[in-house]
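*Asks:* After the sequence you'll find the predicted model.
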Amino acid sequence: MTIFINHDTVKTDYWHKIEDERIQCDLCPRYCKLHKGQRGLCFVRQNLENEIVLTSYGRSSGFAIDPIEKKPFNHFLPGTPVFSFGTAGCNLACKFCQNWDISKSREMDSLMSKASPEAIAKAALHYGCDSVAYTYNDPVIFHEYAIDTAKACRELGIKSVAVSAGYVTAEPRAEFYQWMDAANIDLKAFTERFYYKITGSHLDAVLDTLKYIKHETSTWLELTTLIIPGENDSQAELESMTQWVVENLGSDVPMHFSAFHPDWKMLDKSATPLSSLLLARQIALKNGVHYSYIGNAHNKSADSTYCHGCGELLIGRDWYELFEWNLDDFGHCRFCGNRCAGVFSSQPGKWGAKSQRVII
């Protein structure tokens, strides 16, 4: 049950008292140890009167309707609109953050939009959205707000999708993913060096989350890796990553390889060339990943979905526009009958590439 302190602040469950009158936040593996009044690295969880509270409940950085493929999800209700929102702050410290103005915000006044979970669910229904996405920043840090919204959505038949780095501890993870219908997890690299030096986190915790979602929940899972030149784009690392995915998650988990552009604290890096994205995709397919895509770059072939059985085109994509659909009512290939892994309606959505800002 959510217990409000005031309109924007709610009590949380995942913390305990430690020495020196401090409190440890147990939501994520960062385990911030906070004196009275102090905030964690995420900035939105605070020691207030000897309890950890969420200070951003009901406050958003804004609302928009996007194509589901933009999150990106290519195997979850393709072509449909998704009602998207986030808050402020983040529990990682990625030097390349491309939403840094939101995720690194220390000004709560930047959260200009206020909406209850019920208002978000009703707005999604009003605008004809099949799902709500917890995105822009990581929903791990607005755990209570995201779960309450997902509950309100489920009552109205609207699905919930999380876009997350997967950096969360076991108990809150279990609570969170029982309400999520799909998740796209950023597998940012496949070395501890990258995670520690560039994101301020640890790889093993993310791998644990991936295995948990795949094997312990019914949540549909897709992965995204932002390919950064000279940091996580070596053939050896991509070989190791994709082999691990097949061995530990299976061949049916889609992998998206997205283009980096210089931002935040990595302005010295060059943008990712298309050739690097295509190489990553090729390595994934070679190692047994059935569905691999590129992102933030235009290539109709690498954006589209093919049958892993016969190789025929199943879903043709041009950016976020669908131009071909060869799945039957049950998600099987019309040519050979093989099942395409994912969550599909009998017909594709027709939302297309447009995005629409929304005020609640």
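*Replies:* Alright, I've got the coordinates.

*Asks:* who touches the closest residue to Asn338 other than its chain neighbours in this structure?
*Replies:* Excluding the flanking residues, the one nearest Asn338 by Cβ to Cβ, 6 or more residues apart in numbering is Gly309, at 3.5 Å. The C-beta positions use only the backbone N, C-alpha and C, and glycine is treated the same way. Gly309 sits next to 333, 336-338 when contact means Cβ atoms under 8 Å, 6 or more residues apart in numbering.

*Asks:* Just the buried ones from those residues, in ChimeraX syntax?
*Replies:* Under the burial definition 16 or more other Cβ atoms under 10 Å, those of those that qualify are selected in ChimeraX by:
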select :333,338
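
*Asks:* What is the nearest of the contacts of Gly309 to Thr219?
*Replies:* Sorting these by distance to Thr219 puts Asn338 at the head of the list, at 23.0 Å, by Cβ to Cβ.

*Asks:* any idea how far Glu324 is from that closest one?
*Replies:* Remark: distance between Asn338 and Glu324 (Cβ to Cβ, to the nearest Å) = 17 Å.

*Asks:* hmm, back to that, confidence score at the residue nearest to Asn338?
*Replies:* If you check Gly309, the pLDDT there is 96.

*Asks:* quick one: Asp318 and Ser301 touch, right?
*Replies:* No. Taking contact to mean Cβ atoms under 8 Å, the distance of 10.3 Å between Asp318 and Ser301 leaves them out of contact.

*Asks:* How about the spatially most central residue of the chain: what's its closest non-neighbour residue?
*Replies:* The central residue of the chain, meaning the one whose C-alpha is nearest the mean C-alpha position (Cα atoms, centre = their mean), is Val163 at 1.4 Å. In space, Val163 comes closest to Thr135 once its chain neighbours are excluded; the distance is 4.0 Å by Cβ to Cβ, 6+ apart.

*Asks:* Which parts of the protein belong to which domain?
*Replies:* Each structural domain of the chain that the record assigns through automatic domain parsing is listed here as a residue range: 4-54, 60-358.

*Asks:* Now Thr272: closest residue in space that isn't a chain neighbour?
*Replies:* What sits nearest to Thr272 in space, not counting adjacent residues and going by Cβ to Cβ, 6+ apart, is Ala259, at 4.1 Å.

*Asks:* ok, now how distant is that neighbour from Ser304?
*Replies:* Distance from Ala259 to Ser304, by Cβ to Cβ: 17 Å.

*Asks:* per-residue pLDDT, Asn74?
*Replies:* So Asn74 comes in at 98 (pLDDT).

*Asks:* Can you give me the buried ones in stretch 189-208?
*Replies:* Within stretch 189-208, the residues that count as buried by 16+ other Cβ under 10 Å are 189-191, 194-195, 198-199, 201, 203, 205-208.

*Asks:* What average pLDDT does it get?
*Replies:* Along stretch 189-208, the predicted confidence averages to a pLDDT of 97.

*Asks:* Next, the residues that contact that stretch from outside, please.
*Replies:* Here stretch 189-208 makes contact (Cβ under 8 Å, 6+ apart) with 29-30, 41, 91-96, 165-170, 185, 187-188, 225, 231-232, 237-238, 240-241, 244, 248.

*Asks:* What of stretch 118-133?
*Replies:* Counting by Cβ under 8 Å, 6+ apart, stretch 118-133 makes contact with 63, 65-66, 68, 71, 76-77, 80-85, 115, 149-150, 152-153, 155-156, 158-163, 181-182, 349, 356, 358, 360, all of which sit outside it.

*Asks:* End to end on it, go ahead and measure it.
*Replies:* One end of stretch 118-133 sits 15 Å from the other (Cα to Cα, to the nearest Å).

*Asks:* count of neighbours near Glu216?
*Replies:* 12 (other Cβ atoms under 10 Å).

*Asks:* Tell me the confidence at it?
*Replies:* Per-residue confidence for Glu216 comes out at a pLDDT of 98.

*Asks:* got the contact list for it?
*Replies:* Neighbouring residues of Glu216 by Cβ under 8 Å, 6+ apart: Ala174.

*Asks:* What are the phi and psi values at it?
*Replies:* Main-chain torsions, Glu216, degrees, to the nearest 10: phi -120, psi 0.

*Asks:* Could you measure from it over to Cys153?
*Replies:* In this structure, Glu216 and Cys153 are 22 Å apart, going by Cβ to Cβ.

*Asks:* How about Ala205?
*Replies:* When distances are taken as Cβ to Cβ, Ala205 and Cys153 turn out to be 27 Å apart.

*Asks:* Same check on Glu222?
*Replies:* Counting by Cβ to Cβ, the gap from Glu222 to Cys153 is 19 Å.

*Asks:* now His143
*Replies:* As defined by Cβ to Cβ, His143 lies at a distance of 16 Å from Cys153.

*Asks:* One more: Pro229?
*Replies:* Pro229 is 39 Å from Cys153, by Cβ to Cβ.

*Asks:* Next: Tyr145.
*Replies:* Counting by Cβ to Cβ, the gap from Tyr145 to Cys153 is 12 Å.

*Asks:* before we move on, what about Ser160?
*Replies:* Looking at Ser160 against Cys153, where the rule is Cβ to Cβ, the gap reads 5 Å.

*Asks:* repeat for Glu51
*Replies:* For Glu51, the distance to Cys153 (Cβ to Cβ) stands at 28 Å.

*Asks:* neighbour count winner among those two?
*Replies:* Counting neighbours by other Cβ under 10 Å for Glu51 and for Cys153 shows that Cys153 has the greater number, 25 against 15.
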